[in-house]
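>>> Got a sequence here, can you model it:
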Amino acid sequence: MSKKYRRIKEYLIQFLKEETFKTGLNGGVMGLSGGIDSAVVAVLAKEAFGDRLLCVMMPSYYSSSASVEDAKILCEKFDINYIVEPIADLIRSYKELENADALRIGNFSARMRMSILFDISARERALVLGTSNKSELLLGYGTIFGDLASAINPIGDLYKSEIFEFADYLGVNEEIVKKPPSADLWEGQSDEEELGYTYAVLDRALREFVENRLSREELIEKGFDIEMIDMIIKKIYQNQFKRKPPVIAKLTSRTIGHDFLYPRDIKL
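As a prediction, this is how the structure comes out:
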């Protein structure tokens, strides 16, 4: 197991360096929530960028005090630069204008955080680093133009269950590794309660469906819960729009995203 994560660590550090420096920018900016996904990205990015990494903590009045404290402990342990930019006033102003439910408030919070990160990235001449894992991306469990937004994402091909193992390998503080997964968007919010299943169970099914390409019938034959399988398949297809750039209606002979398809690394 340690050999696997040693190789992944080396590869992702190199990935962060290459994908950032070839743009002409100097480092990375990312949101640090006190959760395990952002903790893993922060440790990798520190190795890649050193002092050119800036982590931003953006608590609202829904955020638990433990989240900020855990994030600060991580930064102290790995000597990571950080700042705190509270968003409580932004959320309060929004609530005064809108009689919004918890989901809308959570989405608004995620988008405000990402707006702050991209603004700071312009100041720092750095890329915004993504912190969404493969389980979340497949299930669409995130806010489009919020926590799903980024310039590059080093952990988007790692399932959540792998993130726990990777975090332990990297030496992320125990308080974060053992914390129940939560986006911390409102008081008491739990990822696994919302999804209805643990990530360990979800990831086993996701691997079979995505990596091994088993059909719905084959998954059911293997003993997976029918309701869970139907939920997974529905979410994967329903949320495909979150994983792709906006589809452009084709009107000309060369349309972006259709047949104007230069590779990302094209040079003059």
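>>> give me phi/psi at Ile83?
phi -130, psi 160 (degrees, to the nearest 10).
>>> who touches the nearest residue to it once chain neighbours are set aside in this structure?
With Cβ to Cβ, 6 or more residues apart in numbering as the criterion, Ile83 has its nearest non-adjacent residue at 5.7 Å, and that residue is Val56. (C-beta placed from N, C-alpha, C; glycine too.) Going by Cβ atoms under 8 Å, 6 or more residues apart in numbering, Val56 touches 29-32, 82-85, 116-117, 120.
>>> top of these by neighbour count?
The residue in the contacts of Val56 with the most neighbours, by other Cβ atoms under 10 Å, is Val29 (29 neighbours).
>>> pLDDT score assigned to Glu192?
For Glu192, the pLDDT comes out at 77.
>>> Also Val84?
97.
>>> go on, Glu187?
Looking at Glu187, its pLDDT stands at 61.
>>> The contacts of Val56 into CSV, with extra columns for secondary structure?
Compiled in CSV, those are given as follows (DSSP: H, G, I helix; E, B strand; the rest coil):
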residue, secondary structure
Val29, strand
Met30, strand
Gly31, strand
Leu32, coil
Tyr82, strand
Ile83, strand
Val84, strand
Glu85, coil
Ile116, helix
Leu117, helix
Ile120, helix
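>>> Dump those residues into a markdown table; add distance to Val247 as well.
Formatted as a markdown table, those follow (distance: Cβ to Cβ, whole Å):
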| residue | distance to Val247 |
| --- | --- |
| Val29 | 29 |
| Met30 | 28 |
| Gly31 | 28 |
| Leu32 | 33 |
| Tyr82 | 37 |
| Ile83 | 37 |
| Val84 | 38 |
| Glu85 | 33 |
| Ile116 | 28 |
| Leu117 | 26 |
| Ile120 | 30 |
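>>> which one of those residues sits closest to Tyr141?
Relative to Tyr141, the closest of these is Gly31; by Cβ to Cβ it sits at 16.4 Å.
>>> how far away is the residue nearest to Ile83 from Ala45?
Note on Val56: its distance to Ala45, by Cβ to Cβ, to the nearest Å, is 12 Å.
>>> Mind listing the shared neighbours of those two?
Common contact partners of Val56 and Ala45 (Cβ under 8 Å, 6+ apart): Met30.
>>> Give the residue spans of the stretch 51-200 of the chain that score low on pLDDT.
Filtered on pLDDT under 70, the stretch 51-200 of the chain yields the residue ranges 183-189.
>>> circling back to that earlier point, following whatever helix or strand the residue nearest to Ile83 lives in in sequence, what is the next regular element?
Using DSSP states H and E, Val56 sits in strand 53-57. Going down the chain from strand 53-57, the next helix or strand is helix 65-78, by DSSP H and E.
>>> From one end of stretch 97-105 to the other, what's the distance?
End-to-end distance for stretch 97-105, by Cα to Cα, to the nearest Å: 12 Å.
>>> er, stretch 158-176 I mean
Stretch 158-176 has an end-to-end distance of 18 Å (Cα to Cα).
>>> hmm, back to that, nearest to Glu98 among the contacts of Val56?
Among these, Ile116 lies closest to Glu98 (Cβ to Cβ), at 19.7 Å.
>>> and Gly171, how many residues sit next to it?
With other Cβ under 10 Å as criterion, Gly171 counts 12.
>>> Show the contacting residues for it.
Gly171 makes contacts with 43, 77, as judged by Cβ under 8 Å, 6+ apart.
>>> now the one 5 residues further on
Under the criterion of Cβ under 8 Å, 6+ apart, the contact partners of Ile176 comprise 34-36, 39, 70, 74, 167.
>>> Tell me which stretches of the chain form helices.
For the chain, applying DSSP state H gives helices covering 2-21, 36-49, 65-78, 88-97, 102-124, 134-139, 160-170, 174-177, 191-195, 199-206, 216-221, 226-238.
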